[in-house]
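Visitor: When you get a sec, could you give me coordinates for this:
(2 chains)
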Amino acid sequence: DAGVIQSPRHEVTEMGQEVTLRCKPISGHNSLFWYRQTMMRGLELLIYFNNNVPIDDSGMPEDRFSAKMPNASFSTLKIQPSEPRDSAVYFCASSLVGGGYTDTQYFGPGTRLTVL
Amino acid sequence: GDSVTQMEGPVTLSEEAFLTINCTYTATGYPSLFWYVQYPGEGLQLLLKATKADDKGSNKGFEATYRKETTSFHLEKGSVQVSDSAVYFCALRRVSGTYKYIFGTGTRLKVLA
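Guide: Numbering: from 1, shown residues only, chains lettered A, B, ... in the order given. The predicted structure follows:
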């Protein structure tokens, strides 16, 4: 299994630009999570999907952030417009929940975003 | 609400020393408990887990026991190696309802040769 795939691995952009982060979960998993990690705030859950439906987006910082999951094998996290305080490492994770599974989350390698 | 509290780091040990990283939790019911490890420049990896009281999770020489009476899930290893240097996260998930994990703030471990 290829694991969770994220792209790009590194992104450097200027303030005000649109940024799109991509994630391909593990095949067969039905839940997908987007996290943000910074030194100051640690690991924060932004949003999670179950069966492609957003279940909880209470962690999304503000309207500049949006996430979609058009199908079971792809999700995007978009920031528009980006700001320097959005600089962080963004992780995607997937898991299989329900039906007695122990729902271990598997994390991707992350996207390091730098907004200048 | 549910929460996880783990000891502040960094923790610095000499090779072959005994490791304990404390983790306590607050949750209703019987959550599943996890330890994840993050090596530099990488994502989090599951280290071990326990799904019910008195269960012991173990992997790569690390162990943690689910203690319902003390709401704790402390991570231990008898003899650490330089390669164990990483950040360790304790986490919980309730067994029903939300699929969210609640992560602790992470504890950085540095092992010196």
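Visitor: ok, the residue nearest to residue B:55 when sequence neighbours are not counted - how many residues close by?
Guide: Leaving aside its sequence neighbours, residue B:55 sits nearest to residue B:66 (Cβ to Cβ, 6 or more residues apart in numbering or on different chains; 4.8 Å). Where you see a C-beta, it was placed from the backbone N, CA and C, and this is true even at glycine. Using other Cβ atoms under 10 Å in any protein chain shown, residue B:66 has 21 neighbouring residues.
Visitor: same check, this time on the one 10 residues further on
Guide: Residues within reach of residue B:76, counting by other Cβ under 10 Å, total 15.
Visitor: now residue A:50
Guide: That count, for residue A:50 with other Cβ under 10 Å as the rule, works out to 18.
Visitor: ok, now which ones touch it?
Guide: Going by Cβ atoms under 8 Å, 6 or more residues apart in numbering or on different chains, residue A:50 touches A:30-31, A:97, B:99.
Visitor: can you redo these as a markdown table with distance to residue B:87 and neighbour count?
Guide: Listed next are these as a markdown table, based on distance: Cβ to Cβ, whole Å; neighbours: other Cβ atoms under 10 Å in any protein chain shown:
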| residue | distance to residue B:87 | neighbour count |
| --- | --- | --- |
| A:30 | 28 | 19 |
| A:31 | 24 | 21 |
| A:97 | 25 | 17 |
| B:99 | 23 | 20 |
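Visitor: Adding secondary structure, write these out as JSON lines.
Guide: Listed next are those as JSON lines, based on DSSP: H, G, I helix; E, B strand; the rest coil:
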{"residue": "A:30", "secondary structure": "coil"}
{"residue": "A:31", "secondary structure": "strand"}
{"residue": "A:97", "secondary structure": "coil"}
{"residue": "B:99", "secondary structure": "coil"}
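Visitor: Report the contact partners of the closest residue to residue B:22 other than its chain neighbours.
Guide: Leaving aside its chain neighbours, residue B:22 sits nearest to residue B:7 (4.5 Å; criterion: Cβ to Cβ, 6+ apart). The neighbourhood of residue B:7, defined by Cβ under 8 Å, 6+ apart, consists of B:21-23, B:107.
Visitor: Below-threshold pLDDT in chain B: ranges please.
Guide: In the predicted model, chain B carries pLDDT under 70 at residues B:96-97.
Visitor: distance of the nearest residue to residue B:3 once chain neighbours are set aside from residue B:50?
Guide: Closest residue to residue B:3 apart from its sequence neighbours, by Cβ to Cβ, 6+ apart: residue B:26 at 4.7 Å. Distance from residue B:26 to residue B:50, counting by Cβ to Cβ, to the nearest Å: 17 Å.
Visitor: pLDDT below threshold where in chain A?
Guide: For chain A (pLDDT under 70), the answer is A:1, A:99-102.
Visitor: Run a quick neighbour tally on the closest residue to chain A within chain B.
Guide: Among the residues of chain B, residue B:43 lies closest to chain A, at 3.6 Å counting by Cβ to the nearest Cβ. Residue neighbour count, defined by other Cβ under 10 Å, stands at 21 for residue B:43.
Visitor: correct me, but the residue nearest to residue B:55 touches residue B:35?
Guide: No - with contact defined as Cβ atoms under 8 Å, residue B:66 does not count as touching residue B:35 (11.2 Å).
Visitor: what is in contact with the two at once?
Guide: Joint contacts of residue B:66 and residue B:35 (Cβ under 8 Å, 6+ apart) are B:57, B:73.
Visitor: hang on, isn't residue A:43 packed against residue B:91?
Guide: No - assessed by Cβ under 8 Å, residue A:43 is found out of contact with residue B:91, at 9.1 Å.
Visitor: Got phi/psi on residue A:84?
Guide: Per-residue torsions, residue A:84: phi -50, psi -30 (degrees, to the nearest 10).
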